[in-house]
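Enquirer: Below: sequence and its predicted model.
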Amino acid sequence: MQYFLYARKSTDVEDKQILSIEAQLVELRSLARKNELEIIEEFVEKKSAKIPGRAIFNDMMARIQRGEAQGIICWKIDRLARNPVDGGQVQWLLQQGVIKHIQTHDRSHFPNDNVLMMSVELGMANEYIRQLSANTARGLRQKARTGVYPGLAPIGYLNDPRTKTIRVHKKNATLVREMFERYASGTTTLDELATWLENAGVMSKGNRRVHISRISFILQNPFYYGHFRYAGEVHEGNHSPLISKSLYDKANAVLRGRGRTLAVKTDPAPYCGLLRCGFCGMGITAEVKEKHQLNGNIHHYTYYRCTRKNKAVKCKEAPMRSELLESQLSALLGEYAMPQEWVSPLSAMLDTEAASASKTATEAVQGLRDKVFDISNKLERLTDLYVAEDLEREDYLSRRRALMSERRTIEEQIVRLERAPGVWVEPVRNWIQDA
């Protein structure tokens with residue numbers, strides 16, 4: 001009788017305690033010599049047996065059916081099958097006498113044997129893999145609920161194998177943050193971002209330029225502001241966010257324009273309406289100019305110029321950079337001083353305004369905290385409806401995603417308000433004293 005030797009070990013969790021391929025081959029060859037079994041060929045497979053379709057296993061079984069061998073030597077019966085399809089094929093060929101002998105390290109199987117023991121072994125292997133799969137999935141879902149992303153960290157982060165957490169990759173995090181800022185400004189396209197990343201040394205696998213679809217995916221990933229998606233649900237992560245929710249929303253507002261850049265919304269020019277042209281007396285206006293560098297960087301400069309609305313006068317004044325205009329204004333204002341008798345009343349007015357602003361901010365923060373509390377209650381009721389099967393999964397996920405996004409936005413507003421009330425007071429107080 002001639003035998004095929006079959007050794008298998010996958011990278012899946014269920015094979016962690018199984019001998020390595022090399023160890024199986026050594027043990028099985030020794031077993032064959034001890035029992036005087038003739039091995040005509042060895043089959044080695046590195047693939048899980050939990051689903052049908054293993055190429056090497058199928059080839060071996062086809063050759064057995066053609067009569068090239070009559071027996072199989074394997075470490076354990078579950079090396080041959082961990083699913084009912086392959087297990088049933090092995091049992092059927094053994095019962096029909098096509099396979100005349102299966103030798104494992106601890107027992108033999110023959111066509112005339114009671115098939116109950118083999119059925120139990122194969123059934124236990126199949127049930128083990130089913131339970132393992134369910135337990136693994138349940139464990140990963142629980143991990144996500146505790147705020148730990150159960151997957152590979154996106155660009156800008158690193159998986160720390162020592163602590164089994166996700167930490168910030170300092171260099172890439174800076175690039176990701178700037179990428180969001182550039183795109184949110186409405187002046188940079190996805191293709192320009194790809195060029196900028198290439199110049200910064202960030203490449204995809206195969207040392208290729210990052211594709212715009214990948215950049216679009218990064219810009220839509222909530223992981224960067226502190227949330228993450230897993231198994232269709234959005235969870236709050238315990239990793240450090242790289243950007244604010246407001247910056248994420250701005251970038252995605254641009255992205256919803258189907259990749260087209262939006263009209264540049266420049267800040268109101270502070271001197272328009274206050275100053276006039278020294279040559280013709282007309283008002284002045286401001287323009288923002290862009291300068292693109294070869295390394296992908298984009299610089300913005302503000303120029304003030306005469307509106308030239310007086311057609312009777314040919315104005316000869318050239319545009320002026322904002323920095324030069326501000327230096328001239330600073331020099332001009334430096335020639336004046338505030339009367340000393342104004343200092344005390346202005347300081348009193350400042351104290352009153354500061355107290356009022358602080359009170360308003362406190363009230364606003366409390367109102368926002370109430371909203372956060374209401375949203376948290378809505379999320380709990382939403383989960384109850386889903387558990388009670390009164391809500392379809394897609395509807396549940398959609399509502400949950402919207403509520404969590406809204407809560408994150410409000411939480412950031414609270415942080416800004418708590419920091420903001422007094423930040424302007426001291427600079428104004430110093431200005432009063434120095435003026």
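Expert: Thanks, I have it.

Enquirer: Helices of the stretch 151-300 of the chain, start to end?
Expert: Ranges of helices within the stretch 151-300 of the chain are 170-184, 190-199, 212-219, 245-255, based on DSSP state H, counting those that start in this stretch.

Enquirer: of these, which approaches residue 299 most closely?
Expert: helix 170-184 (12.0 Å; CB to CB). For every residue, glycine as well, the C-beta is placed using N, CA and C.

Enquirer: Give the other helices and strands that that closest one contacts.
Expert: Applying 3 or more CB pairs under 8 Å, 6 or more residues apart in numbering; DSSP states H and E, we find helix 170-184 packed against helix 190-199, helix 212-219, helix 245-255.

Enquirer: ok, and what's touching that helix?
Expert: When contacts are defined by CB atoms under 8 Å, 6 or more residues apart in numbering, helix 170-184 is touched by residues 155-157, 188, 190, 193, 196-197, 200, 202, 215, 218-219, 224, 242-243, 247-248, 250-251, 253-255, 298.

Enquirer: run the last query once more with 6 Å
Expert: Residues from elsewhere that reach helix 170-184, judged by CB atoms under 6 Å, 6 or more residues apart in numbering: 155, 156, 188, 193, 200, 242, 243, 247, 250, 251, 254.

Enquirer: in that helix, what counts as buried?
Expert: Of all the residues in helix 170-184, those buried under the rule 16 or more other CB atoms under 10 Å are 172, 173, 175, 176, 177, 179, 180, 182, 183, 184.

Enquirer: so how far is the helix or strand hosting residue 367 from its chain's centroid?
Expert: In this structure, residue 367 sits in helix 343-387 according to DSSP states H and E. Between the mean C-alpha location of helix 343-387 and the chain-wide mean there is a distance of 30 Å, by CA atoms, centre = their mean, to the nearest Å.

Enquirer: on contacts alone, who are the packing partners of that helix?
Expert: Judged by 3 or more CB pairs under 6 Å, 6 or more residues apart in numbering; DSSP states H and E, helix 343-387 is in contact with helix 393-419, helix 425-434.

Enquirer: Need the ones you listed in a markdown table (columns: distance to residue 48, mean neighbour count and mean pLDDT).
Expert: Below are the helices and strands packed on helix 343-387 laid out as a markdown table (distance: least, CB to CB, whole Å; neighbours: other CB atoms under 10 Å; pLDDT from 0 to 100):
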| stretch | distance to residue 48 | mean neighbour count | mean pLDDT |
| --- | --- | --- | --- |
| helix 393-419 | 28 | 16 | 86 |
| helix 425-434 | 65 | 12 | 78 |
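
Enquirer: do you know which of the helices of the stretch 151-300 of the chain lies nearest residue 87?
Expert: The nearest among the helices of the stretch 151-300 of the chain, by CB to CB, is helix 212-219 at 40.6 Å.

Enquirer: quick revisit: out of the helices and strands packed on helix 170-184, which comes closest to residue 106?
Expert: helix 212-219 (50.6 Å).

Enquirer: from the chain's centre, how far out does the closest one sit?
Expert: With CA atoms, centre = their mean, you get 11 Å for helix 212-219.

Enquirer: Give the buried residues for it.
Expert: Those would be 215, 216, 218, 219, for helix 212-219 by 16+ other CB under 10 Å.

Enquirer: Mind giving me the packing neighbours of it?
Expert: helix 190-199.

Enquirer: how about low-confidence regions in this structure?
Expert: 11-18, 114-116, 123, 125-138, 258-268, 296, 420-422, 435 (pLDDT under 70).

Enquirer: In three-state terms, label the residue of it positioned farthest from its centre for me.
Expert: Within the chain, residue 312 marks the point farthest from the mean C-alpha position, 60.9 Å out by CA atoms, centre = their mean. Secondary structure assignment for residue 312 (DSSP: H, G, I helix; E, B strand; the rest coil): coil.

Enquirer: could I get the contacts of helix 170-184 as TSV with distance to residue 418 and neighbour count?
Expert: Shown next, in TSV, are the contacts of helix 170-184 (distance: CB to CB, whole Å; neighbours: other CB atoms under 10 Å):
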residue	distance to residue 418	neighbour count
155	31	20
156	27	22
188	32	19
193	33	22
200	35	17
242	21	24
243	19	20
247	19	18
250	22	19
251	25	23
254	29	21
